[in-house]
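>>> structure of the sequence below:
(chains A and B)
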Protein chains: 2
Amino acid sequence: MDAAATITQFGRMLDNLDRWLEAAVAYAGTKKFDPDVFAQSRLAPDQYELVRQVQSGCDQAKYAAAYLSGQKAPSHPDTEKTIGDLRSRIRTCVSYLRSIESSAYAGAADRRVAPPWLNGKWMRADAYLDQVAIPNFYFHMTTAYAILRHNGVPLGKMDFVGSLPINDA
Amino acid sequence: MDAAATITQFGRMLDNLDRWLEAAVAYAGTKKFDPDVFAQSRLAPDQYELVRQVQSGCDQAKYAAAYLSGQKAPSHPDTEKTIGDLRSRIRTCVSYLRSIESSAYAGAADRRVAPPWLNGKWMRADAYLDQVAIPNFYFHMTTAYAILRHNGVPLGKMDFVGSLPINDA
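A predicted model of the protein is given here:
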């Protein structure tokens, strides 16, 4: 487990998500519809809409960062209504992730993680990161991306992945 | 980076994917339609269909395991047509992942990863795992799940995540 590297990667993906939302607004502009229609779009009637996918993705990153660095997570109330609101939420989350020094994760492997939904039970930090935080974070990133793609926003796989640190031969 | 733990988690998620496909077949049975309709279902006309989401997810796991353990990846041809074929492909992939001893990943952090699509360029193994393998793997898992959910298969978030190693207080 490398908690600091994983949180850094979550920050990169949230930057990518912000760019997908920017592309959604641009697409709505060319098609002359209200971009905030996307905010309530969903893939199935009993799946969350885009607003909650973005909120949940941010929260997975925020709580992973807080639990693994031994901090109390800041409160980010779920009040967003518009794409602009969501982009602000993403920036707030990314600022928090980047405010934590790498050294704060030094003891992460020995921490117990006991989020409220475990009702007093706990998980080892490495299991929490690999089996809860990472799968759920990417679940919400991919579902947000899929809602936009399903509704015609011109995005491709490289937009999902973002820029990569590639070295010349 | 803990390559062995990540590959173990990929195996768990592929087991989960197999259970979603099993649920899709059962759902088709109750609704009296051919479950292989799901094989060609997709979320957007220019996104891959379920067959290729499953193949790609398997390949992300297979290549990550091979590159990070210093092996040549086995060939798994993309010949699947039916849900049954896809479930076999998943089992073949998981068997490969579980055939690699954890000790084979010991030197992973020092490896350079140079997949064919990098045309001779390379990435550090940790960057490849965090920024290519994990995001792409979960992209395909989540998109496969979303195709099924969008088409009415009764699945929920706990089916996505699977069983967790939770400890009593």
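
>>> which parts of chain A are strands?
A:112-113, A:123-124 (DSSP state E).

>>> mind giving me the packing neighbours of the first one?
Put plainly, it is strand A:112-113. The contact analysis (3 or more CB pairs under 8 Å, 6 or more residues apart in numbering or on different chains; DSSP states H and E) places strand A:112-113 against strand A:123-124, helix A:125-128. To be clear about C-beta, it is placed using only N, CA and C from the backbone, and glycine gets the same treatment.

>>> if I pick the residue nearest to A:Thr82 when sequence neighbours are not counted, what's in contact with it?
Beyond its immediate neighbours in the sequence, the residue positioned closest to A:Thr82 (CB to CB, 6 or more residues apart in numbering or on different chains) is A:Asp36, lying 4.8 Å away. By CB atoms under 8 Å, 6 or more residues apart in numbering or on different chains, the contact set of A:Asp36 is A:Lys81, A:Thr82, A:Ile83.

>>> would you mind measuring from A:Asp36 to chain B?
21 Å (CB to the nearest CB, to the nearest Å).

>>> and if you look at A:Glu80?
21 Å.

>>> and A:Ala108, by the same measure?
12 Å.

>>> list the contacts of that residue.
Applying CB under 8 Å, 6+ apart, the residues near A:Ala108 are A:Met1, A:Ala3, A:Leu68, A:Ser69, A:Ala125, A:Leu129.

>>> one step back: which of the helices and strands packed on strand A:112-113 sits closest to chain B?
Among the helices and strands packed on strand A:112-113, helix A:125-128 comes nearest to chain B, with 5.0 Å by CB to the nearest CB.

>>> for that closest one, name the packing helices and strands.
So helix A:125-128, by 3+ CB pairs under 8 Å, 6+ apart, packs with helix A:50-69, strand A:112-113.

>>> any idea which of the ones you listed scores lowest on pLDDT?
For the helices and strands packed on helix A:125-128, mean pLDDT drops lowest on strand A:112-113, to a mean of 93.

>>> how far off centre is that one?
21 Å (CA atoms, centre = their mean, to the nearest Å).

>>> so what's A:Ala61 closest to, chain neighbours aside?
A:Phe10 (4.0 Å).

>>> is it true that that neighbour touches A:Ile100?
No: contact criterion CB atoms under 8 Å: A:Phe10 and A:Ile100 do not qualify, at 11.4 Å.

>>> anything in contact with each of these two?
Shared contacts of A:Phe10 and A:Ile100 (CB under 8 Å, 6+ apart): A:Ala65.

>>> so which of those two has more stuff around it?
Neighbours per residue (other CB atoms under 10 Å in any protein chain shown) separate A:Phe10 from A:Ile100, with A:Phe10 holding more: 26 against 18.

>>> ok, the more buried one - contacts?
A:Gln60, A:Ala61, A:Ala64, A:Ala65, A:Leu97, A:Phe137.

>>> can you pull the buried residues of stretch A:28-47?
Buried residues in stretch A:28-47, counted by 16 or more other CB atoms under 10 Å in any protein chain shown: A:Ala28, A:Pro35, A:Asp36, A:Phe38, A:Ala39, A:Ser41, A:Arg42, A:Leu43, A:Gln47.

>>> hang on, the last one packs against A:Thr143?
Yes: checked against CB under 8 Å, the pair A:Gln47 and A:Thr143 is within contact range at 7.2 Å.

>>> residue ranges in chain A under the pLDDT threshold?
Counting by pLDDT under 70, the ranges of chain A that qualify are A:1.

>>> what ranges do the helices span in it?
Under the criterion DSSP state H, chain A contains helices at A:3-31, A:50-69, A:83-99, A:125-128, A:134-150, A:157-161.

>>> make TSV out of those and add distance to B:Leu148.
Putting the helices of chain A into TSV (distance: least, CB to CB, whole Å) gives the following:
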stretch	distance to B:Leu148
helix A:3-31	23
helix A:50-69	17
helix A:83-99	26
helix A:125-128	26
helix A:134-150	12
helix A:157-161	20
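
>>> deepest-packed of the helices and strands packed on strand A:112-113, please.
Most buried of these by mean neighbour count (mean count of other CB atoms under 10 Å in any protein chain shown) is helix A:125-128; its value is a mean of 22.

>>> on that earlier part again, please identify which of the contacts of A:Phe10 is nearest to A:Leu148.
A:Phe137 (17.4 Å; CB to CB).
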